[in-house]
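Dropping the sequence and predicted coords here.
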2 protein chains.
Amino acid sequence: MSSQNQLQTLKGFRDFIGPDAQSRRWLIGKITEVFEKFGFEPLESPALEYESLLTGKYGAEADKLIYSFEDRGGRRVALRYDQTVPTARIVSQYRNQLTFPFRRYQIQPVWRADKPQKGRYREFFQCDVDIIGSTSLLSDAEIMATTYAVYENIGIPSLKLMTNDREQLIKAIKNNNVGEEMVFSTIQTIDKLDKIGKDGVIEELVSKGMIQQTAINILSQLNQSEPSEMLKKIISYAISLGIPKDNIVFKPTLARGLDYYTNMIFEGFIPEYQIGSIGGGGRYNKLIDNLVGIDIPAVGIGIGFDRTLEAAQELGKVPNFKTSTKVLVTVFSDELISASLELTKKLRDQNIAAECSTEAIGKIDRQLKYADKKGIPYVMIIGPEEAQKNVVQLKNMQTSEQKELNYDKALKILNS
Amino acid sequence: MSSQNQLQTLKGFRDFIGPDAQSRRWLIGKITEVFEKFGFEPLESPALEYESLLTGKYGAEADKLIYSFEDRGGRRVALRYDQTVPTARIVSQYRNQLTFPFRRYQIQPVWRADKPQKGRYREFFQCDVDIIGSTSLLSDAEIMATTYAVYENIGIPSLKLMTNDREQLIKAIKNNNVGEEMVFSTIQTIDKLDKIGKDGVIEELVSKGMIQQTAINILSQLNQSEPSEMLKKIISYAISLGIPKDNIVFKPTLARGLDYYTNMIFEGFIPEYQIGSIGGGGRYNKLIDNLVGIDIPAVGIGIGFDRTLEAAQELGKVPNFKTSTKVLVTVFSDELISASLELTKKLRDQNIAAECSTEAIGKIDRQLKYADKKGIPYVMIIGPEEAQKNVVQLKNMQTSEQKELNYDKALKILNS
């Protein structure tokens, strides 16, 4: 009836079952908790937009990765490719209703028809927080402090933010007589410094037509430079907002691959888990104008959801989600079904996640096996004797210890 | 640069901004809280599946509403149309890893190219909870009790569950010599009883070729019938699990429009907000076999997310989400930026959602206006005098009352 093919997940797509889904929900909870504490409001945009909104916004290469099609009404539509373009559309569409500066966060899946490989998926969550309609340096600092607080909240206070001033970077390049048309290409090469090293950068710049000495000069001048006055202010504000002094570092060669950043840029790194930047952002004062024709400045960050979850898992910060159920209430016999159901209800009323056995009624061994297989930490057994004496048997599935207790004492253990 | 068209939301799609998104997050939180307390685990399936998995599963009419297209690799793919078919695929794909009974919940958007109208969208959330791999009547009761507990948790304990036994309904129809081929069509008409009344049902059945007296007999026999032994047991278990006796009602004419239900069926209604059923479900022992060729029984419910949110809003159960920010810390002057930032950090450390003014530094009036426009309930002012005396001015934006307080007293008010 069904071909085998259709019964599989599409390549580059993932199912999240039980503990995997719970870990994701945990991380989303940790992130939104901070976002809301910092006064950002949630935003949800539709999965589908007019294709014309998206095309030409991410560059020619990216255009090929947009999932687009004709809908049944003959409209060309496309799946969300990022969250910045839909937000720009929303800022335009609702500009008379919104209060600016508009502080919003957005955590939703995006879709890209990229070649799947380790750590790269066709469906993945983006996690953006932005302040739109503010040129204030305080807003730059707020975005940085929000980012740091997110990692603090998931138990990674070691997060280091590297920051730079795009304007200063561009000035250093131009001061060496690099033509306007080569500036962004030069930035893209400098952005690879950590990956390919100083020699690699020089080599690539030369291959792009730059005189070797110019490349050497740019790098050495950058390395000797001091943060701009603007950046110094942002850093000092960010420290006042809670980033420890040592966790925010001026990095004059930080470049960021995207061309739309105008001033402050920054990236986050986890020293004890080196998988490259776990997210980055900065100020983009011209982007919304370019996208939707409204001149409105903005600053923000995109946090890498999958990378952050991976790091939190590797560093042992994610709770061990085996199952949401804390206790299984067994059913001893048909006669005792009601007693077990009522006990289950009582536990739930006390906010204990509880299941009542639905299968193998009367066969306690099989019910215990189910609890064991699912990783449920406790089992409560109520037989005719227990029912009469108004007690329960509480079995700790990890230690196999079993105790006869009254309900209140059992509850105490479950709550501990 | 941009056509006006592309700067709009597609018809049938919605943006959720600020309070709207917060209300949705609130409802999802309330629902998942109950689901997890009842021992259900989250599941997330991809937005895209092989088209062949979806087509032919929902009926010919529904097939026309599936968003499907050819991806860049030449695969026919389709957007999630419901959550049952992907779950059936997952049960098949991971059947050796899953523990059965598999208790899962799934809350995700689905897409249907339906004609948009009031209350009907092309993108909307479904909210399903199911027990897969159990024929136990306790599982039927668990699903009912979970449903009731969800509405109890959102402040609507008046929810009434109407329930019936599909087998008994079919028997009553067949007992009146209705041919096998007419049975489901008869059920579909009986399902309209509340909308079109008894005469309407009889009229429609006659138009479908039934003798009028037969139609009259079926309805009158149904109305005189008692719940089956099976249904009596389920109801008694559901009561043990916490549904008040009066909130679960046997309704012998309850039919449910979908053809796949095999035994117990039920629907939820809110007496004080009559918009029809807010969700429904039942037992579907053959569906997974039909979908993916694995004979596995199941029982579940789909809760109508939009309807439930609408009901909760109309009944005043949704908190008033104006903004997530509890207090705006103003900035008196450039010299006092750090003092204001540090105060903001201190508040956030105490879990108070706080914003620091980023704009109009030194212009307290404009900063107050921003707080007012956003609906931020409190404003904290710290000028040179306050900084020196180590106090703050706390302004209640609703009453306009302003008090000079030390930090601890201000915190107490913000926490109350």
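Sure, I can see it.

quick one: contacts for residue A:352?
Residues near residue A:352 by CB atoms under 8 Å, 6 or more residues apart in numbering or on different chains: A:326-327, A:411, A:414-415, B:37. From N, CA and C alone the C-beta is placed, and that goes for glycine too.

and the angle for the longest helix seen in chain A with helix B:19-37?
Looking across chain A with DSSP state H, the single longest helix is helix A:19-37. Angle, helix A:19-37 to helix B:19-37, by axes from the mean of the first three to the mean of the last three CA atoms, to 10 degrees: 140 degrees.

quick one: helix A:19-37 near chain B?
Yes - counting by CB under 8 Å from any CB of the partner chain, chain B has neighbours in helix A:19-37: A:19, A:21-22, A:24-25, A:32, A:36-37.

now, which of the residues you listed sits nearest residue A:371?
Comparing the residues of helix A:19-37 next to chain B against residue A:371 with CB to CB places residue A:19 closest, at 16.0 Å.

and the residue lying closest to that closest one once chain neighbours are set aside, what pLDDT?
The shortest distance from residue A:19 to any residue other than its chain neighbours is 4.2 Å, reached at residue A:321 (CB to CB, 6 or more residues apart in numbering or on different chains). For residue A:321, the model assigns a pLDDT of 89.

Isn't residue A:321 up against residue A:26?
Yes - here residue A:321 lies in contact with residue A:26, judged by CB atoms under 8 Å, at a distance of 7.2 Å.

Show me what the helix or strand hosting residue A:150 is packed up against.
Residue A:150 is located in helix A:137-153, with elements delineated by DSSP states H and E. When contacts are defined as 3 or more CB pairs under 8 Å, 6 or more residues apart in numbering or on different chains; DSSP states H and E, helix A:137-153 sits against helix A:19-37, strand A:123-132, strand A:160-165, helix A:229-240, strand A:264-269, strand A:279-283, strand A:298-304, helix B:337-349.

let's see 6 Å
Packed against helix A:137-153 by the contact rule (3 or more CB pairs under 6 Å, 6 or more residues apart in numbering or on different chains; DSSP states H and E) you find helix A:19-37, helix A:229-240, strand A:298-304.

center of chain A, which residue is that?
Centroid check for chain A by CA atoms, centre = their mean gives residue A:305 as the closest residue, at 2.5 Å.

Excluding covalently adjacent residues, which one is nearest to that residue?
Spatially, and ignoring its direct neighbours in sequence, residue A:305 is nearest to residue A:125 (4.0 Å; CB to CB, 6+ apart).

what about that neighbour, neighbour count?
When neighbours are defined as other CB atoms under 10 Å in any protein chain shown, residue A:125 has 19 of them.

ditto for residue A:102
Counted with other CB under 10 Å, residues neighbouring residue A:102 total 24.

Quick check: it vs chain B, distance?
According to CB to the nearest CB, to the nearest Å, residue A:102 stands 9 Å off from chain B.

Can you list which of the contacts of residue A:352 are found in strands?
residue A:327 (DSSP state E).

Report the buried members of the contacts of residue A:352.
Among the contacts of residue A:352, those classed as buried by 16 or more other CB atoms under 10 Å in any protein chain shown are A:326-327, A:411, A:414, B:37.
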